[in-house]
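Student: Just to be clear, the model below is a prediction. Sequence and coordinates:
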Amino acid sequence: ARARQPPPRGLPWRPGANERGVRPRPRRPWARVGQRGKQRQRRSPQPFMSAPSTSAAGAAGEAHAGPDAASAGDGGELVLELLEEDEDDEACDREEAQDGWFAASQQQHELQSAGAGEAGTEAGAGPSAADEPAWKDYATVFTNDKAGMGDNMVHSKEHVQRVVYEMSQGSPHFENERRKERAADERASRMEAHVRAATEQALQAARRRADAALTALELTRRSDRAWALFDMDQFFFAVHAQKDPKLHEVPVAVGGIGMISTANYAARRYGVRSAMPGFIAKKLCPQLTFVRSDFAEYSRVSKLFGEALRPFDPEGTAYQAGLDECYVDLKAASAARDETPAETCAAARAAIKAATGITVSAGLAPSRQLAKVASDLNKPDGQYVLPSNRGAVVACAR
DNA sequence: GCGGATCAC
DNA sequence: TATGGTGATCCGC
Ligand SMILES: Nc1ccn([C@H]2C[C@H](O)[C@@H](COP(=O)(O)OP(=O)(O)OP(=O)(O)O)O2)c(=O)n1
Ligand SMILES: [Mg+2]
């Protein structure tokens, strides 16, 4: 790991800035840092658990486990991504390998065929089986766990799910969601059939490649970086609350009866969340009030946020992803300030608060992806430090 | 380059 | 009654 070339550094703060002064953000930006504009050669799709054919991937002693090693799309790739160092070609290769046999690109075709089919014929995507109430299988993002919505909730998850179902069912949106569920079910069935059909030999080969990939990844974790992800708390709402701090005390959503961009913490206790239609939120929380969104203002505050971080980024590692998030490697700043990265992180958060008046949470970790995961763990107005060792990383991933 | 689709915030 | 705006990627054509 030490022998490898360090990743490209020292990118300017705003290369080819767009109107926000923000570098365009690819799906996993860090996988292509320093490679903008270069078209990477695409590999042809590899079926899950295919033999490594004659490619170099199968060569003995090859540290790089090959493009299909982590492409199963079975959930294993999340673990791999969390374990890996994330700024090299291999990470990029693995990402592209996921565009193979079971990749989302297939979903376009599945969506069309699922749409043609009769509603409710596939298990899990129609009226629920047996005596279960119909709302029980209408799973939406609104019943997923979300950091900071654990205790002191007014409504149970089940209540939220039922209200969302009752307010949605029969609508065009609802039917479209059902159609997408059917497509996902079809995709899962295909994958399961493929695994069932695999020979024991193929399964063993796949396990060996997975083990090799894990071993290789384990060597890539580095402790010479201290990636922080700063994420503003209740961002859109917080911008409005600057002018009217009393808003913090009552349930408020940003948006309107049609759609909510975000909600304050008082409203989240009722299950009111980003991307929830306002009329459903009103059902969950009748006293909810709305404020109209103001993108120009969010944009202005976002710039202040980014500028507040510049003194903590002498090497130009910062990357502003969206309006309320920014990745920075704090290693250089913490060395210069003769502090631990955690202390520097806290100082940076204080600087953001001073510049914007809004609290911010942060995660600090050996890779950006881990920093992002960690940033939710002590929200709001907190930070979580994830040390650079396997035990801590695995415990956090779990 | 465009339209369809997906994803993140 | 009623399901967004903004910015990005990827695919097939
Ligand atoms: N579906 C979504 C999700 C988010 N946003 C906007 C509003 C949020 O304020 C902002 C930041 O998104 P976050 O996920 O960080 O949510 P918040 O900052 O509002 O809350 P948190 O304190 O959980 O970070 O992006 C949006 O318009 N639509
Ligand atoms: Mg936020």
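Tutor: Nice, I can see it. Ligands and ions are numbered 1, 2, ... in the order given.

Student: In what element of secondary structure is residue A:253 found?
Tutor: When elements are assigned from DSSP states H and E, residue A:253 belongs to strand A:252-255.

Student: Are the helix or strand just after that strand and ligand 1 in contact anywhere?
Tutor: Next along the chain after strand A:252-255, taking DSSP H and E as the criterion, comes strand A:260-263. Yes: judged by CB under 6 Å from any ligand atom, strand A:260-263 and ligand 1 are in contact via A:261-262. (Each C-beta comes from the backbone N, C-alpha and C, glycine too.)

Student: neighbouring contacts of stretch A:252-268?
Tutor: Stretch A:252-268 is contacted from outside by A:146, A:148-149, A:234-237, A:240-241, A:247-251, A:272-279, A:281-282, A:285, A:288-293, A:380, using CB atoms under 8 Å, 6 or more residues apart in numbering.

Student: In PDB, list the C-alpha atoms belonging to the strand holding residue A:253.
Tutor: In PDB, the C-alpha atoms belonging to strand A:252-255 read as follows (Å, rounded to 0.1, in the frame of the first residue of the first chain):
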ATOM      1  CA  VAL A 252     -42.300  23.600  10.000                       C
ATOM      2  CA  ALA A 253     -41.700  22.200   6.600                       C
ATOM      3  CA  VAL A 254     -40.000  23.900   3.600                       C
ATOM      4  CA  GLY A 255     -42.100  23.600   0.500                       C
END
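
Student: That strand near DNA strand B anywhere?
Tutor: No: counting by CB under 7 Å from any atom of the strand, DNA strand B has no neighbours in strand A:252-255; the shortest distance is 11.8 Å.

Student: Report the rounded mean pLDDT for that strand.
Tutor: Averaging pLDDT along strand A:252-255 gives 98.

Student: Then stretch A:349-360?
Tutor: 98.

Student: backbone phi and psi for residue A:329, please?
Tutor: phi -90, psi 110 (degrees, to the nearest 10).

Student: So the nearest residue to it once chain neighbours are set aside: helix, strand or coil?
Tutor: Once flanking residues are discounted, residue A:329 sits nearest to residue A:317: 4.1 Å by CB to CB, 6 or more residues apart in numbering. Following DSSP: H, G, I helix; E, B strand; the rest coil, the label given to residue A:317 is coil.

Student: Could you double-check that residue A:317 sits in contact with residue A:328?
Tutor: Yes: Residue A:317 is within contact range of residue A:328, at 5.9 Å (criterion: CB atoms under 8 Å).

Student: who's more crowded, the two?
Tutor: residue A:328 (29 against 24; other CB atoms under 10 Å).

Student: tell me which element that one is part of?
Tutor: Counting by DSSP H and E, residue A:328 is found in strand A:325-329.

Student: Go through that strand and flag the buried ones.
Tutor: If you call a residue buried by 16 or more other CB atoms under 10 Å, then strand A:325-329 has these buried ones: A:325-329.

Student: that older thread, each with direction, which strands does the strand holding residue A:253 pair with?
Tutor: Paired strands of strand A:252-255, with direction, are strand A:260-263 (antiparallel), strand A:289-291 (parallel) (DSSP bridges).

Student: quick one, which of the ones you listed is packed in tightest?
Tutor: strand A:260-263 (a mean of 23; mean count of other CB atoms under 10 Å).

Student: For that one, C-alpha coordinates in PDB please.
Tutor: Backbone C-alpha positions of strand A:260-263 (Å, rounded to 0.1, in the frame of the first residue of the first chain) are rendered in PDB as follows:
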ATOM      1  CA  ILE A 260     -41.700  19.200   1.000                       C
ATOM      2  CA  SER A 261     -37.900  19.800   0.600                       C
ATOM      3  CA  THR A 262     -37.100  19.300   4.200                       C
ATOM      4  CA  ALA A 263     -38.700  19.700   7.600                       C
END
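
Student: Now do the contacts for residue A:334.
Tutor: A:226, A:340-341, A:343-344.

Student: now with 6 Å?
Tutor: Residues near residue A:334 by CB atoms under 6 Å, 6 or more residues apart in numbering: A:341, A:344.
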